[in-house]
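Participant: fold the stuff below for me.
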Amino acid sequence: MPIETVTCEVLIHRLDAGLAELHVIIRGLPDDPIRIIRGRFLGPRCPGKDTIEQAFPLKLISTTPEAITGRVLIPEPNYAVESQPFAYHGRIECLHGGVIVQTWTPIVQFRESSS
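Facilitator: As a prediction, this is how the structure comes out:
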């Protein structure tokens with residue numbers, strides 16, 4: 001299986017002061033029962049600031065022939081502003097038959113909506 005055909009997309013599904021919900025969508029894996037995803041996001045991190053990082057696990061929410069979708073819940077997320085660019089760092093692994101076929105390290109920042 002060519003690795004370059006496997007993709008990872010991280011979407012902010014919900015965002016408010018009480019909860020951030022991320023959806024991690026993996027596409028391009030063969031449709032069989034030996035494909036899985038695992039991972040987590042760590043944060044918040046902010047350059048020049050001492051923070052207490054927590055781990056937020058990725059949990060599987062759906063599997064279709066086209067994609068595997070996981071969810072990460074981050075309670076009371078820290079928003080990024082220019083003076084404090086808080087971010088959450090992910091590590092997502094895609095496995096097929098117990099072998100890691102791809103790893104991604106996405107970084108997510110949450111920003112207040114201007115509307």
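Participant: buried ones in the lowest-mean-pLDDT helix or strand in the chain?
Facilitator: The helix or strand of the chain with the poorest confidence is strand 99-104; it has a mean of 90 (mean pLDDT, DSSP states H and E). Neighbour counts over strand 99-104 (16 or more other Cβ atoms under 10 Å) mark 101-102, 104 as buried. Quick note: C-beta positions are derived from backbone N, CA and C, even for glycine.
Participant: give me the sheet partners of the helix or strand just after it and which way each runs.
Facilitator: Using DSSP states H and E, the helix or strand that follows strand 99-104 in sequence is strand 107-108. Using DSSP bridges, strand 107-108 pairs in its sheet with strand 87-96 (antiparallel).
Participant: give me the residues contacting the partner strand.
Facilitator: Strand 87-96 is touched from outside by 1, 6, 8, 10, 24, 26, 29-30, 34-46, 56, 58, 68, 70, 72, 74, 77, 80, 100-110, with contacts defined as Cβ atoms under 8 Å, 6 or more residues apart in numbering.
Participant: so where do the strands sit in the protein?
Facilitator: 7-15, 19-27, 35-45, 54-57, 59-63, 67-75, 87-96, 99-104, 107-108 (DSSP state E).
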